[in-house]
Structure formats: structure tokens, C-alpha cells
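>>> Next one to model:
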Amino acid sequence: MTIQTEVLVIGGGATGVGIARDLAMRGVDVVVAERGGLASGTSGRSHGLLHSGARYAPDDELGAEECIRENEILRDIAGHCVRDTGGFFVQLPEDDPEFFEEKLAACERIGIDAEVLDTETAQAEVPGLAPDAERVMKVPDGVIYPSRLVAANAKSAADHGAEILVHAPVTDVHVEDGQATGATLGGDVDDTVEAEYVVNAAGTWAGQCADLAGVEVAMRPTKGVMVSVDYPGLGPVLNRCRPPADGDIVVPHETQAVLGTTSIEVDDPDEFDEEHWEIQKMVEECAKMLPDAATSEILRTWWGVRPLYAPDEAERETMDGGEGDARGISRGFFLLDHEREGVENFASIVGGKLTTYRMMAEATTDHVCEALDVDEPCRTAEERLPGVDDEREVDSFVTEYDARSPTDEDVLTAD
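This next block holds a predicted model:
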């Protein structure tokens, strides 16, 4: 039996289910098709940092402003899907002190709370902090638990009438007379969806999805490794106060710390080498901020692949293992309307960050609603996600949508 809907969203990561939630809340009939369980792509294979925007200041003030705004919204609506840990930017002896000063000034200019701590105060908050840390800047970073966040968004979407299909890979996107009309789904669903509008929110796989519709979305996927070590009670996120480079973030969980990450271009987001040197480098680099990480037991490792938009990366002249501008200081998102390529009612959303998924979803939903002549405002920033005040309830959504992923598997209450 053919599935009928107004909008088909391809991809069940944070952005895809965020779009579904926003559309459904505006009264639009929507179906999400995800090839695996929800959050099985980049969303659930990240380091889970809730950005304050400080990482991107002063090089990308707009990106930093977006991060701090969405950071504050998520703290209001997401409950146990996020954790308010605070964050440190740590200046070590080999780090440029001018970089610290520029970041501090930019945070103050943008409106990101930033406080310089003396080493004694910083050591008291993080007893294992490197003894040679010269200065520390405290900012409102935090932690995202993506399995919970994606599942709670899916539950909200479903509560508002959306249909969430997991283990339903898209095998074909239908285009008739220059207009997208739906898709063929395989896997557990094995059916056809007819839709008035199709959104490609397939993340790293957006290029492959676009190919099915006969249009091009040039992606430049890069892999990054995360290493989770036994480290209870860390406290704040630790960021190395230098231009972005390998091994410059430590994200606290309740009993573990996640060390990350590398940035290495890959040809295929499904097939790439998981190399031991990457793990070693994460431990060595992060241990410069947190020395005990070097002797902590490694509990699990995983790799994620970033959904980077190739034209933007080319403009930045990014490269493997680069630092600063060569690595890409900040990455915005891109909403691509494929009408100019001859396919109407088909759009792709690529790039961005987990922290800004809701904003990306809002922009995409605005675009789709304009095409469908729907005049309803976005309410996703005001309405709390369901179940998020009860860890066990929100974790039941994770089970329902098969959204358990490696980033936060250690904090989930369900077995």
C-alpha cells in the first residue's frame, strides 16, 4: 500500500527529525524515512558537545551567535537530552596568549559569558587539570546526549501526527515532469511514498540521495575519532585554547570522558579505515590538558563522518589534519533548492552542527511551508520536548526508535 503524505523527509538524524517536528507542529503531514535506526549517522557518532559559540569566536561571529542562542534554547526545551557542565578553554605554555585574548574579547562582544579563572580556581574545579595550565577561560559549553535528543524530537513529531519510519532506506527518489513526487523505500518498510515535497536531510549521504533525484550535492566527508575513557567526575568540557586541531576537546559524561577528534577526508562515508594512530593521538593530545587521561582505561572508540558541503570546504581551503583556517574554523549550513537544476519541490539541507540542528530545521521548514502555502509560525523553541524531565521515559523513546548510539550509550538507563 502506497504511503501518502505532504512532505517526505529523508534522514533520521537530528536535523531530519527536527524538520519533521517543526512541520508537524505547523499542521503539515510528514513522513521521515531513515535507513537505520534514528541517530545512526553523524548525530549519534559525534563527541556530543553543546557549543557555547566560544570555539568559533572571533573567526565566525555569526556562527558563534547562532550557537549561543541555540545553546540557551536547548537548555530550556531539552531536559535530560543535554547537560549543563560549563566549559574551560585552557591555555598551555605552547599556546599563543594573543589567541586567548582575541577569543575573550570576541566572546564579550558577541554576548557569550566568559570569565578568566586563575589557575588555583581552575585546579579546584578540575583537580586533574594540567599543572602547567597558564590561563583558563570559563564559558557556557555543555553536553548533548544525541540518542535522547533525536528520539525526543521524533516522539514530539509523532505526537503531532508525523510518521517515523526506521530501517527504511530510500532506494529511489521519484521525479515526474521536473518535480519530486516521492520515493521508494526498502528494508523493513518496502513500500512507496507519494509526497508533494521531498527534503533531503541525509547528512553525510546527502550527495548519494541527491543522485537518486538526478541532481548534484557535492559533499566532502571527513572522519573523526572519539575515544571514551574511564574518568568519573570531570566537571566542565575542556577545550584547548588554540586554533582547532586534532585532540583539542574533552567532553565529560557521568563516569567517562570523551576525547576528540581528528579530521581526515574519506572517499566513502560507509567504508574507511579506523586507524589505531588516531586513537593514540587523541589520548596523547588530550592528556596535555588532562594528564590522567593518558593512564585511564579506554572503554570504547567510535568514528563519525561529518556532512561537510564541498564548495564551502573548498572556499576555506580545508585539508586533512589542518589547523585553524586550514581545518575550517566554523561551518554553517546550506539549504539548497533544486528547482534551478530542474527538480521542483526538492531541497537538501547540509552542513551545520548538532548544536544548531533546531535552527537548521526551522529554516528548512520555513522554506517548505512557503512552497506549500502554509502560513504557520515555528514553535519549536518554546515547546519543551516530551519526556525529557524523566531519564527513563526519554530513554524509552530511544528504544522505541532504535536510536541508541555510541556517543551517549554509557548514560542511557535502558539495557
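>>> Spell out which residues make up each domain of the chain.
Following the TED database, one finds the domains of the chain at 2-43+146-220+309-401, 83-142+222-304.
>>> does Phe89 sit in a helix or strand, and which one?
Using DSSP states H and E, Phe89 sits in strand 87-91.
>>> And the strands in the stretch 201-350 of the chain?
Assigned by DSSP state E, counting those that start in this stretch, the strands in the stretch 201-350 of the chain fall at 222-230, 237-240, 249-252, 256-260, 264-265, 298-306, 333-337, 346-351.
>>> Tell me which of those sits nearest to Arg35.
Of all those, it is strand 298-306 that lies closest to Arg35, at 14.2 Å by C-beta to C-beta. To be clear about C-beta, it is placed using only N, CA and C from the backbone, and glycine gets the same treatment.
>>> Any buried residues in the closest one, and which?
For strand 298-306, a neighbour-count test (16 or more other C-beta atoms under 10 Å) marks Thr301, Trp302, Trp303, Gly304, Val305, Arg306 as buried.
>>> can you redo those residues as CSV with distance to Asp22 and pLDDT?
CSV is the format used below for the buried residues of strand 298-306 (distance: C-beta to C-beta, whole Å; pLDDT from 0 to 100):
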residue, distance to Asp22, pLDDT
Thr301, 34, 98
Trp302, 29, 98
Trp303, 30, 97
Gly304, 24, 96
Val305, 25, 96
Arg306, 23, 93
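>>> And the worst-scoring helix or strand of the chain on mean pLDDT, how far out from the chain middle?
Lowest by mean pLDDT, DSSP states H and E among the helices and strands of the chain is helix 310-316, with a mean of 80. In terms of C-alpha atoms, centre = their mean, to the nearest Å, the gap separating the centre of helix 310-316 from the centre of its chain is 19 Å.
>>> ok so, going back, ok, which of the strands of the stretch 201-350 of the chain comes nearest Glu383?
Between Glu383 and the strands of the stretch 201-350 of the chain, the shortest gap by C-beta to C-beta is with strand 346-351, which sits at 21.4 Å.
>>> taking the mean pLDDT, what do you get for that closest one?
Averaged over strand 346-351, pLDDT sits at 97.
>>> any idea which helix or strand comes after it?
Downstream of strand 346-351 (by DSSP H and E), the next one is helix 357-372.
>>> by contact count, what packs against that following helix?
Counting contacts by 3 or more C-beta pairs under 8 Å, 6 or more residues apart in numbering; DSSP states H and E, helix 357-372 packs against helix 14-25, helix 61-77, strand 197-200, strand 333-337, strand 346-351.
>>> Highest mean neighbour count out of the domains of the chain?
By mean neighbour count, with neighbours taken as mean count of other C-beta atoms under 10 Å, domain 2-43+146-220+309-401 ranks first of those at a mean of 21.
>>> so how far is that domain from its chain's centroid?
With C-alpha atoms, centre = their mean, you get 12 Å for domain 2-43+146-220+309-401.
>>> now do the same end-to-end measure for that domain.
Domain 2-43+146-220+309-401 stretches 22 Å from its first residue to its last (C-alpha to C-alpha, to the nearest Å).
>>> ditto for stretch 368-388
28 Å.
>>> Show me what that stretch is in contact with.
By C-beta atoms under 8 Å, 6 or more residues apart in numbering, the list of residues contacting stretch 368-388 from outside reads 6-7, 18-19, 21-23, 25-28, 73, 76-81, 148-149, 152-153, 155-156, 159, 196-197, 199, 345, 347, 358, 361-362, 365-366, 393-394, 396-397.
>>> Just put the helices and strands packed on helix 357-372 in CSV and tack on distance to Lys223.
What follows is the helices and strands packed on helix 357-372, written out as CSV (distance: least, C-beta to C-beta, whole Å):
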stretch, distance to Lys223
helix 14-25, 19
helix 61-77, 22
strand 197-200, 22
strand 333-337, 20
strand 346-351, 16
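>>> Which one of the domains of the chain has the poorest average confidence?
domain 2-43+146-220+309-401 (a mean of 93).
>>> Tell me which stretches of this structure form helices.
With helices called from DSSP state H, the chain shows them at 14-25, 61-77, 97-110, 119-125, 146-159, 206-212, 276-286, 310-316, 357-372, 391-400.
>>> could I get the fifth one in CSV with only the CA atoms?
The reference is to helix 146-159. Presented in CSV, the C-alpha positions along helix 146-159 are these (Å, rounded to 0.1, in the frame of the first residue of the first chain):
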residue,chain,number,x,y,z
PRO,A,146,22.2,12.8,20.8
SER,A,147,20.3,9.5,21.2
ARG,A,148,17.9,11.2,23.6
LEU,A,149,17.7,14.4,21.7
VAL,A,150,16.8,12.7,18.4
ALA,A,151,14.4,10.3,19.9
ALA,A,152,12.6,13.0,21.9
ASN,A,153,12.2,15.1,18.7
ALA,A,154,10.9,12.1,16.9
LYS,A,155,8.4,11.4,19.7
SER,A,156,7.3,15.1,19.6
ALA,A,157,6.9,14.8,15.8
ALA,A,158,4.8,11.7,16.1
ASP,A,159,2.7,13.2,18.9
